[in-house]
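Peer 1: Kindly generate the corresponding structure for this input.
(chains A, B and C)
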Amino acid sequence: MAPKVTKICCIGAGYVGGPTCAVIAVKCPHIKVTIVDLNADRIAAWNSPDFAVPIYEPGLVDVVRKARGRNLFFSTDVDGAIEEADLIFVSVNTPTKKSGVGAGSAADLNYVELATRRIANVANSSKIVVEKSTVPCRTAESMRTILEANSKPNCRFDILSNPEFLAEGTAINDLFSPDRVLIGSLQTPEGKAASDALVEVYANWVPTKQILTVGLWSSELSKLAANAMLAQRISSINALSAICEATGANIDEVSHAIGYDSRVGPKFLKASVGFGGSCFQKDILNLVYLSESLHLPEVAAYWRQVVEMNEYQKRRFSKRVVDTLFNTITGKKIAVLGFAFKADTGDTRESAAITLIKDFQSERALVNIYDPQVAHSQIWADLQEASPQASLDSIKKQVTICGSALEACKDAEAVVIATEWKEFLDIDWEEAYKHMNKPAFVFDGRLLVDADKLRKIGFKVTTIGRA
Amino acid sequence: MAPKVTKICCIGAGYVGGPTCAVIAVKCPHIKVTIVDLNADRIAAWNSPDFAVPIYEPGLVDVVRKARGRNLFFSTDVDGAIEEADLIFVSVNTPTKKSGVGAGSAADLNYVELATRRIANVANSSKIVVEKSTVPCRTAESMRTILEANSKPNCRFDILSNPEFLAEGTAINDLFSPDRVLIGSLQTPEGKAASDALVEVYANWVPTKQILTVGLWSSELSKLAANAMLAQRISSINALSAICEATGANIDEVSHAIGYDSRVGPKFLKASVGFGGSCFQKDILNLVYLSESLHLPEVAAYWRQVVEMNEYQKRRFSKRVVDTLFNTITGKKIAVLGFAFKADTGDTRESAAITLIKDFQSERALVNIYDPQVAHSQIWADLQEASPQASLDSIKKQVTICGSALEACKDAEAVVIATEWKEFLDIDWEEAYKHMNKPAFVFDGRLLVDADKLRKIGFKVTTIGRA
Amino acid sequence: MAPKVTKICCIGAGYVGGPTCAVIAVKCPHIKVTIVDLNADRIAAWNSPDFAVPIYEPGLVDVVRKARGRNLFFSTDVDGAIEEADLIFVSVNTPTKKSGVGAGSAADLNYVELATRRIANVANSSKIVVEKSTVPCRTAESMRTILEANSKPNCRFDILSNPEFLAEGTAINDLFSPDRVLIGSLQTPEGKAASDALVEVYANWVPTKQILTVGLWSSELSKLAANAMLAQRISSINALSAICEATGANIDEVSHAIGYDSRVGPKFLKASVGFGGSCFQKDILNLVYLSESLHLPEVAAYWRQVVEMNEYQKRRFSKRVVDTLFNTITGKKIAVLGFAFKADTGDTRESAAITLIKDFQSERALVNIYDPQVAHSQIWADLQEASPQASLDSIKKQVTICGSALEACKDAEAVVIATEWKEFLDIDWEEAYKHMNKPAFVFDGRLLVDADKLRKIGFKVTTIGRA
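Peer 2: Numbering: from 1, shown residues only, chains lettered A, B, ... in the order given. Here you go, the predicted structure:
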């Protein structure tokens, strides 16, 4: 029979652990939920009187407001929280390795292991340990070895995998009404009992038929696989967009026609200058590395294509800008509208804009950037990281951050739309045209603007996926 | 009917525009020729009372002396000159791109475009615009787009291509008696009329049958193609020289025998340590890049071989030096005679000497350089650019610039002839031998010296293209 | 008839020349032996009253003690020694070239040539010149050319090749009872006479049938070839060790079984983390470069495999460490026992430990090093050279040198045995286990420790060549 969960501890108060456990607390008033982190500043922010929580997600503040101090707690006392919990979420960072074996594609499991060792050292009673971080297949195996090598008598540890499937900007909604909750366990009686215990937690608000229980390795793999297949849809449409540009077909019509096929489905088929965000590229590279480790070079090559197509799409777009501007943009001003990796978020990780701007820099162009949400400091940090050899001063000689789209367009030769912010639809394009050099160009990397309307004003418009 | 040209403006007072338009002025007293440049120092030099013109070309001063102040003017007033001219030469720099798309092979058209935009903004009447710079095929197309996007009502622009075919050291002579003058235009009535107008200018001193009028794209391509085929002759002979060295044949005899074939012709068949100069390599790389852009990889590979053979020839020669000197030149003194890319010029662009000396440096040899014409500052600049990682101080520890050939030979193990200066024939070789280490070696990279005479003195002589 | 040798000069007082000529002096009291070197400090050390000779070799001090001042002399007067000698050993350094043609594989013959030129300039009478340095085939040819180009009348030079076959740690013993002495000469009457003269020297203590006289080129080649075939034995066993690990076979049993075959023989068949030392890799790369120079790419590829297998073995071992420690060693402490390239020497040239530690550093691990003999300064120098980009300070943040094996093991996750020092057998492993983190791992890269005994204590043991 499943053990009853009354106290939950979550190690890691970041983007995944925070919202997830806050929602659990709201939905399960009978369970005490404690979120712990070694970073005192972050915990202080979660606990701030005015709810200045360290993460921006629509609806998150309301959730915290409801449960904080009731059955939801934030603390730096990691050991205390571990000790009293029945069930522990491990929700720490797994960044891509920057050096050593697998550099550039393998995940660094250092934080996962540290958390695991902490649990092993502190625990005096049995625990259910839940992998919430994105990890490669069979990580749970390593966690078990470590827990057992360091465990005290009469402490048993059961490990579950419970990957997150949140999209930034809609995380709270995704948590309240998930497509599915996935729980993986060993197929032993003990493993299944632990799984049932976690099922019971989610069952407080998720319909049981949407809670899938599977094997431990299947669960671990499913996270990577799902993201890989999503990213692949985008790369496939982008691959078709290149054909459209060369033949005169229209990618909008093509993806619309494809999406009508019920076996493919209509979502996630929008052509663009390339996908970004913290997950897609990272998870695919993880999958690639996993395939190589398993001596499956053909499988690695297959998935690597998804990332390579994305790189190609970005490179192709920036080359199209240069070619269209008479093969040189040296000394020309380019207005880049949008810097976030997608609309409605301030997140810039792996944003296509970074690559485009870097390409423009290496062409010795001048770049004006405007984004409605991203902090200036973030933009400078991203550009600095993209050009580690250059000094920030030399970057600032080429790049300017502007306060509005119109300001960015002033004296520019071309406008490049890099993020699909709705507000760009409402720019006074007539006014923008007046202050730009002629011929004035618009490059729409997001299929956002009405090309015909702009052409009437006088712009020369280039759109992804159109000749 | 062709419009009558009475006022010519030339944008760019450099190596091409200056001599060309000066000669036009001398030959066409009825036409006012104004050469403009944004560089005030350069214009001042052209206007200096003692005719200290900024370019060294035999005969140039006499030409300037004849026409300056009569119908030849030099000025920084770019806009004024554009406004009054009927016909405008665009004769600006098109350096190879150093970064961005096509870095290392594509031409940077930035200056061409700036000049074009200037014309568009300033002109209040119709103009004939003549591409004089070396540009890739179809650049004229871009110029036309820019001119039309910015033109005022009732201004029409006709674009011509009129590539230069000058050789350094004989430019004035080449201009007075050209093999041919090539003029390209659109094959429309207006295009042909513009072409006729320029023909009429040249016809003042060039026999009409030597003025070829062709299509615009043909003209643009012909410049690159002619240089590519010239350079190819050299690479072919150099390729044969390697076979000669390996078989005991004699490249002098072989190229003499080949040159007697009237279908090949005798010129430009001299084996050497490799070609240099600002044009050959640059134009071939341009042609290679053009071929790649046109998706013609086989054609790109074909022309790239010409440059690769040249690199190989230089590498082969410096390796032969090392091998002959018992496989090591560490700490040995090597005298390099000649630094210019060919005799009778002070130009060092792409000179083979630079590569040789760099190779000797990486073998940790000591190098003595003597050149009768090249400025010391130029030599240091070239060596510094070739080894960007090294400090000039560390370079000067290995390299010394000498005041005479004999001085360079002192205590050397070997003499390397890198430029075919006539004066090297008159060196007192007996004296040189006396002060060199034994065995004393001569490496003749230009088929210049009498090997038998030197062998009698005691030298061990190695010649390009001989076993 | 062979000229009688009464005075020997040895140029180069280093690792080869010193012991060799000291033994000659002891064994031939009737011959005056003078060892010269330009390095005054080194000569002073050889002459120090307390026999603090600059090289560590068991038995060397006794040898020097016996003959120094009697018929063995050390001096900086190079010219004087050359002048009076009948026979001159050239025993200078031939390091691998770091830049220029053949960088990374060809030998730098600069010192050999300098010594040769010195002999040519100084000698007033005929000499026998003996190559003792490791040189590529046909170096003697170059030496002869130089000697003849600079020789005085009535001086003839005969060149012999007499390669050394010493193993560090047993050099004196190897000299007293050599497997064989190899002497190469031209097959002319003069060449054979010179050869006989040197034979006569060795015959004072070496049985004649062990003194092999061969052609000059054969002798030069034999040195490289012998080392190549020795190194190959190790690489072959290491290649088999990888198969053993994958199949469950045991490399100890396999090499034992192979060694029983009298056609293969039992020696030099020990699997390990890879060979090191100053000779093997250098001599094979020399052989590879020689093969390439002779246009024998197939032969070059054949021998290059020996080095590549060695690199692979090291890489494989460090990857196995990372994989076993749950795919991450970031922030973990690794104890590396042994830093010398083999036991019983302080020599660290090409030691496998350097590569392993560098790999651990790039995984961002912490490393504790303990070696019973190697000087700390040597360790820092080696690590600095291996990571030229890093500052020594940053290296010291990751690496600690410890005073004992137990100290190195404290708080470590894993122990890596990199050198087969006997004393590691006597470590108090129970004690070590107590102070290590759990699970505690041992990686035996030298087949040194008793794995079963350690497993009983609680260690998880990984051994080269076992599953």
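Peer 1: how about the helices in the stretch 351-467 of chain A?
Peer 2: Remark: helices assigned in the stretch 351-467 of chain A by DSSP state H, counting those that start in this stretch are A:352-362, A:376-386, A:392-398, A:405-409, A:429-434, A:451-457.
Peer 1: Could I get the ones you listed in CSV, plus columns for mean neighbour count?
Peer 2: (Glycine included, C-beta is placed from N, CA and C.) Shown next, in CSV, are these (neighbours: other CB atoms under 10 Å in any protein chain shown):
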stretch, mean neighbour count
helix A:352-362, 23
helix A:376-386, 15
helix A:392-398, 12
helix A:405-409, 21
helix A:429-434, 17
helix A:451-457, 13
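Peer 1: nearest to chain C, of the ones you listed?
Peer 2: Nearest to chain C, of all the helices of the stretch 351-467 of chain A, is helix A:376-386, at 18.7 Å by CB to the nearest CB.
Peer 1: and the closest one with chain B, contact?
Peer 2: No: figure legend: helix A:376-386 not in contact with chain B (CB under 8 Å from any CB of the partner chain); closest approach 14.2 Å.
Peer 1: Check which helices and strands that helix sits against.
Peer 2: Counting by 3 or more CB pairs under 8 Å, 6 or more residues apart in numbering or on different chains; DSSP states H and E, the packing neighbours recorded for helix A:376-386 are helix A:352-362, helix A:392-398, strand A:399-401.
Peer 1: hmm, who's touching that helix?
Peer 2: The contact list for helix A:376-386 (CB atoms under 8 Å, 6 or more residues apart in numbering or on different chains) reads A:339, A:346, A:348, A:351, A:354-355, A:357-358, A:369, A:371, A:390, A:392, A:395-396, A:399, A:401.
Peer 1: Tell me which two of those residues sit farthest apart.
Peer 2: Pairwise distances across the contacts of helix A:376-386 peak at 24.4 Å for A:346 and A:390 (criterion: CB to CB).
Peer 1: before we move on, the earlier item: do you know which of the helices of the stretch 351-467 of chain A lies nearest residue B:13?
Peer 2: helix A:392-398 (28.8 Å).
Peer 1: what's the distance between the closest one and the middle of its chain?
Peer 2: Distance of helix A:392-398 from its chain centroid, counting by CA atoms, centre = their mean, to the nearest Å, is 28 Å.
Peer 1: what mean pLDDT would you report for it?
Peer 2: Mean per-residue pLDDT for helix A:392-398: 95.
Peer 1: Quick one: residues in contact with it.
Peer 2: Contacts of helix A:392-398 (CB under 8 Å, 6+ apart): A:361, A:364, A:365, A:366, A:367, A:380, A:383, A:384, A:387.
Peer 1: I'd like to know how far the fourth one sits from chain B.
Peer 2: Applying CB to the nearest CB, to the nearest Å, the value for residue A:366 to chain B is 12 Å.
Peer 1: What of residue A:128?
Peer 2: Applying CB to the nearest CB to residue A:128 and chain B gives a distance of 55 Å.
Peer 1: burial measure for that residue, as a count.
Peer 2: Applying other CB atoms under 10 Å in any protein chain shown, we find 24 residues neighbouring residue A:128.
Peer 1: can you check residue A:337 too?
Peer 2: 30.
Peer 1: Kindly state the beta-bridge partners for the spatially closest residue to it that is not a sequence neighbour.
Peer 2: Nearest residue to residue A:337 in three dimensions, chain neighbours excluded: residue A:417, at 5.1 Å (CB to CB, 6 or more residues apart in numbering or on different chains). When bridges are called by DSSP bridges, residue A:417 pairs up with residue A:337, residue A:444.
Peer 1: Check what pLDDT residue A:417 gets.
Peer 2: In this model, residue A:417 is scored at 98, pLDDT.
Peer 1: right, and it touches residue A:425 too?
Peer 2: No: if you go by CB atoms under 8 Å, residue A:417 and residue A:425 don't touch, sitting 10.2 Å apart.
Peer 1: quick one: which of the two has more around it?
Peer 2: A side-by-side neighbour count of residue A:417 and residue A:425, using other CB under 10 Å, places residue A:417 first with 25 against 11.
Peer 1: what's the distance between residue A:65 and residue A:56?
Peer 2: 15 Å (CB to CB, to the nearest Å).
Peer 1: Correction: the previous question concerned residue A:214.
Peer 2: 33 Å.
Peer 1: Please report how far the residue nearest to residue A:337 lies from chain B.
Peer 2: 21 Å.
Peer 1: The residue in the stretch 151-300 of chain A that chain C sits nearest to: how many residues sit nearby?
Peer 2: The minimum distance from the stretch 151-300 of chain A to chain C, using CB to the nearest CB, falls at residue A:293 (8.6 Å). By other CB under 10 Å, 17 other residues sit near residue A:293.
Peer 1: List the residues that contact it.
Peer 2: With contact taken as CB under 8 Å, 6+ apart, residue A:293 is in contact with residue A:102.
Peer 1: And it, how far from residue A:300?
Peer 2: For residue A:293 relative to residue A:300 (CB to CB), the value is 9 Å.
Peer 1: Next: residue A:289.
Peer 2: 8 Å.
Peer 1: Of those two, give the one with the bigger neighbour count.
Peer 2: Ranked by neighbour count (other CB under 10 Å), residue A:289 and residue A:300 place residue A:289 first, with 23 against 19.
Peer 1: Hmm, the more buried one is touching residue A:106, no?
Peer 2: Yes: at 4.6 Å, residue A:289 counts as touching residue A:106 under the criterion of CB under 8 Å.
Peer 1: Find residues that contact each of the two.
Peer 2: Common neighbours of residue A:289 and residue A:106 (CB under 8 Å, 6+ apart) are residue A:136.
Peer 1: which residues does residue A:55 contact?
Peer 2: Counting by CB under 8 Å, 6+ apart, residue A:55 makes contact with A:14, A:15, A:18, A:19.
Peer 1: Common neighbours of residue A:417 and residue A:425, please.
Peer 2: A:448, A:449.
Peer 1: what about residue A:412, how many neighbours?
Peer 2: Count around residue A:412 with other CB under 10 Å applied: 22.
Peer 1: ok, which stretches of the stretch 51-200 of chain A are strands?
Peer 2: Taking DSSP state E, counting those that start in this stretch, the strands of the stretch 51-200 of chain A run over residues A:72-75, A:87-90, A:127-131, A:157-161, A:181-185.
Peer 1: Just put these in a markdown table and tack on distance to residue A:245 and mean pLDDT.
Peer 2: Shown next, in a markdown table, are the strands of the stretch 51-200 of chain A (distance: least, CB to CB, whole Å; pLDDT from 0 to 100):
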| stretch | distance to residue A:245 | mean pLDDT |
| --- | --- | --- |
| strand A:72-75 | 51 | 98 |
| strand A:87-90 | 46 | 97 |
| strand A:127-131 | 43 | 96 |
| strand A:157-161 | 42 | 96 |
| strand A:181-185 | 39 | 96 |
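Peer 1: Which one, of those strands, ends up nearest to residue B:144?
Peer 2: Of all these, strand A:181-185 sits nearest to residue B:144, with 60.8 Å by CB to CB.
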